[in-house]
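Participant: for reference, the sequence and a predicted model appear below.
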Amino acid sequence: MRPWITALVAAVMIVNGGCGPIVLSPVGEEPEEEPEEEPGGEPPSRSAIAVRFGDLLEDPFNRLVLMNGMQFRRLPHPDALALFFSDSGQECSRPLIGQGPDGLILPPATYTFWQLALFIPPELNRAGLIDLRDTRITSYGIVWDSLRGGNTAVGAGSGGFFGGVDEKTLEIVSSDASSVSVKLFYGTPPWRLEFNGEPYKPDLDLGGDYTATYCGDPPLPSPPSPGRAIPGAALAAPPGGPTPDPDALHLFLGSAAESCADPWSPLACTGASRVTLSLPPAHQKPGILDLTDPAIAASFSFTYPASADCASGEPVTGVFDGGTIEILSIDASGVSCRVYGSHTGLTPGFGVFDADGLYTASSCR
């Protein structure tokens, strides 16, 4: 029987995300015992490299692979951090193992390998935890076994593509000009694989501590996203809404064109998003707050760009399923904060909403 391969492509509404791979034992043979891992150390026989996504596109061969063979629904940002993990050797010049300009190049008959690639957008590329359910993160995974064939997956949102039941995270521990150290918390990849018509789920944990060597200059993270911090006493009521608490500090975060004079500016068909919440006096200090805490009344709204998807111009609104906001600093000049774990499912047909990232809300005092 010839090896075969199945490509799965996700169709999720907002952007792209993850999947994973594994080494499979040949049929009818007992798997060999793997060497014991050092606690907290890098898994044996695994490698990691890192590269700015735009640099990959400068090479004609890699560009053809990424544009034609990978079947991305949307290419990652040029300044995205591309991380490649594998149990095989990885080359900076050709980081995608087994891929050619027109799709998969079948490996030699005895070749077995796996590879996972994560493409982290610049707004999330900074030290700390990254929720891999975020649909702005693109991922690619492949597992190949010469006896069972193989599978690839290119996904839009690891949670969205695979059902959103397994939380997976990447922690950027530290980085310098030559490498980036990360902790990958991945667990068993939720692959949908079949062999001889029967489903199977390989047993593997891709997680571990990795140090990825940069291929070229590291990509620069984007600056914090903008926002406004407005005292309730100076804030007009939203259209059709209640009068704001005069003692609270109200935060407007996101890409909407807010101003101190008009923080409730319409979003109609702009493709912008807005997160709003209020900080009572007891919370106007550094600390971590749950986005579901009724005391801060956190909510979001967004619209699609002007197109058939935004015919009505009405924004999609909602409250968060979970997540936190960490107040990093707060003073007369404004508020610096970080949102994490905000991935929230919407009304069927509207996909998901993600607001994770670093924000600087300038003061309107």
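Facilitator: Yes, it's here.

Participant: list the buried residues for stretch 116-127?
Facilitator: Under the neighbour-count criterion of 16 or more other C-beta atoms under 10 Å, stretch 116-127 has 116-126 buried. Where C-beta positions appear, they are placed from N, C-alpha and C, glycine not excepted.

Participant: what of stretch 215-226?
Facilitator: Going by 16+ other C-beta under 10 Å, stretch 215-226 has these buried residues: 215, 218-219, 221-222, 224-226.

Participant: which of the residues you listed has the weakest pLDDT?
Facilitator: In terms of pLDDT, Pro221 ranks lowest among the buried residues of stretch 215-226, with 89.

Participant: hang on, that residue in a helix?
Facilitator: No - counting by DSSP: H, G, I helix; E, B strand; the rest coil, Pro221 falls outside a helix, being coil.

Participant: nearest residue to it in space, please, no chain neighbours.
Facilitator: Nearest residue to Pro221 in three dimensions, chain neighbours excluded: Asn125, at 4.4 Å (C-beta to C-beta, 6 or more residues apart in numbering).

Participant: confirm the one you found sits in a strand?
Facilitator: No - Asn125 sits outside any strand when classified using three-state DSSP, being coil.

Participant: now do the helix or strand containing Ile49: everything it contacts.
Facilitator: Applying DSSP states H and E as the criterion places Ile49 in strand 47-52. Strand 47-52 has contacts (C-beta atoms under 8 Å, 6 or more residues apart in numbering) with 78-90, 92, 95, 179-180, 182, 210-219.

Participant: partner strands of that strand, with direction?
Facilitator: strand 81-86 (antiparallel), strand 208-214 (parallel) (DSSP bridges).

Participant: could I get the ones you listed as TSV with mean pLDDT and distance to Gly187?
Facilitator: Output for the strands paired with strand 47-52, formatted as TSV (pLDDT from 0 to 100; distance: least, C-beta to C-beta, whole Å):
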stretch	mean pLDDT	distance to Gly187
strand 81-86	94	14
strand 208-214	96	11
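
Participant: tell me which of those sits nearest to Gly241.
Facilitator: Gly241 lies closest to strand 81-86 among those, at 39.4 Å (C-beta to C-beta).

Participant: flag every buried residue along that closest one.
Facilitator: Neighbour counts over strand 81-86 (16+ other C-beta under 10 Å) mark 81-86 as buried.

Participant: also stretch 222-239?
Facilitator: Neighbour-count burial for stretch 222-239 [16+ other C-beta under 10 Å]: 222, 224-232, 235.

Participant: and these, which two are the farthest apart?
Facilitator: Ser222 and Gly232 (30.3 Å).

Participant: reformat the strands paired with strand 47-52 as a markdown table; add distance to Ala297.
Facilitator: What follows is the strands paired with strand 47-52, written out as a markdown table (distance: least, C-beta to C-beta, whole Å):
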| stretch | distance to Ala297 |
| --- | --- |
| strand 81-86 | 34 |
| strand 208-214 | 39 |
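
Participant: out of those, flag the one nearest Ile327.
Facilitator: Among those, the nearest to Ile327 by C-beta to C-beta is strand 81-86 (26.2 Å).

Participant: just the CA atoms of the closest one, as PDB, please.
Facilitator: Provided in PDB are the C-alpha atoms of strand 81-86 (Å, rounded to 0.1, in the frame of the first residue of the first chain):
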ATOM      1  CA  LEU A  81       7.400  35.400  14.900                       C
ATOM      2  CA  ALA A  82       7.600  32.000  13.100                       C
ATOM      3  CA  LEU A  83       8.500  29.200  15.500                       C
ATOM      4  CA  PHE A  84       9.300  25.700  14.200                       C
ATOM      5  CA  PHE A  85       9.400  22.700  16.400                       C
ATOM      6  CA  SER A  86      10.400  19.200  15.300                       C
END
